[in-house]
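> using only what follows, build the 3D model:
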Amino acid sequence: MDVASDRLNPIDASKLRLVKDIRERSALREMSNMEAKRRIAVQAVEQASEHLANAERHRTSVEAEIYREMLSVDVISVTELERRCHLVIGRLTAEIGSAQKTLDEARTAQCQAEAAVLAARTLWAKRSAASHKWQEIERDVQRITNAHFEAAAETEADDEILLRYRRGSPTQMGGEPT
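Residues are numbered from 1 along each chain as shown. Purely as a prediction, here's the structure:
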């Protein structure tokens with residue numbers, strides 16, 4: 001928005017700058033909130049990754065235990081061990097699948113949060129630039145207003161001097177006293 005500084009009065013310029021400052025602070029708060037959400041999303045991804053890794057480690061250790069039991073056939077029948085193996089490994093596979101889904105959802109949320117932070121940062125940058133521009137406009141308006149007041153005061157002083165000079169006695173206006 002291009003504004004001629006000499007066409008605004010100081011009060012209007014100040015009000016407009018204040019509006020721009022309020023919008024800038026609002027955008028900064030929004031950006032801060034989005035940053036907080038992004039940090040939470042990053043933590044969720046880290047936790048989901050850790051949970052998935054733990055589930056995979058647990059599955060590996062359970063599989064190893066089941067295979068050790070299968071090697072010692074004298075305890076239980078092989079078919080019973082295979083049935084147990086399929087049940088346990090199936091449950092653990094489902095747990096890993098759930099952990100993987102949670103991780104994928106957390107990553108999606110993190111991407112969305114990062115995009116929201118970028119959008120908020122862009123909005124804040126635009127509003128900050130507008131606020132700074134209005135600060136400059138307000139300074140220009142104040143400078144122009146001060147210059148007008150100074151010029152008016154000088155004109156008034158000059159007019160007053162001219163009036164005194166014109167009202168002066170004939171000896172002051174004219175030539176030599178006689």
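> neighbours around Arg25, how many?
Neighbourhood size, Arg25 [other Cβ atoms under 10 Å]: 14. Every residue, glycine included, has its C-beta placed from N, CA and C.
> check which helix or strand it maps to.
Here Arg25, judged by DSSP states H and E, is contained in helix 10-71.
> packing partners for that helix?
Applying 3 or more Cβ pairs under 8 Å, 6 or more residues apart in numbering; DSSP states H and E, one finds that helix 10-71 contacts helix 78-167.
> how far off centre is the helix it packs on?
With Cα atoms, centre = their mean, to the nearest Å as the basis, helix 78-167 stands 3 Å off its chain's centre.
> can you tell me the average pLDDT over it?
The pLDDT scores in helix 78-167 average 88.
> so who does Trp134 touch?
Contacts here follow Cβ atoms under 8 Å, 6 or more residues apart in numbering; on that basis Trp134 touches 13, 16-17, 20-21.
> quick one: it and Arg143, what's the gap?
Per Cβ to Cβ, to the nearest Å, Trp134 is found 15 Å from Arg143.
> got it, and Gly168?
For Gly168, the distance to Arg143 - Cβ to Cβ - is 38 Å.
> check Glu154 too.
Applying Cβ to Cβ to Glu154 and Arg143 gives a distance of 16 Å.
> now Phe149
Counting by Cβ to Cβ - Phe149 and Arg143 are separated by 11 Å.
> what's the answer for Glu80, then?
Taking Cβ to Cβ, one finds Glu80 at 93 Å from Arg143.
> ok, now Arg91?
77 Å.
> which residue packs closest to His58, ignoring adjacent ones?
Leu92 (6.6 Å; Cβ to Cβ, 6 or more residues apart in numbering).
> list the residues that contact the one you found.
Listed by Cβ under 8 Å, 6+ apart, the contact set of Leu92 reads 55, 58-59, 62-63.
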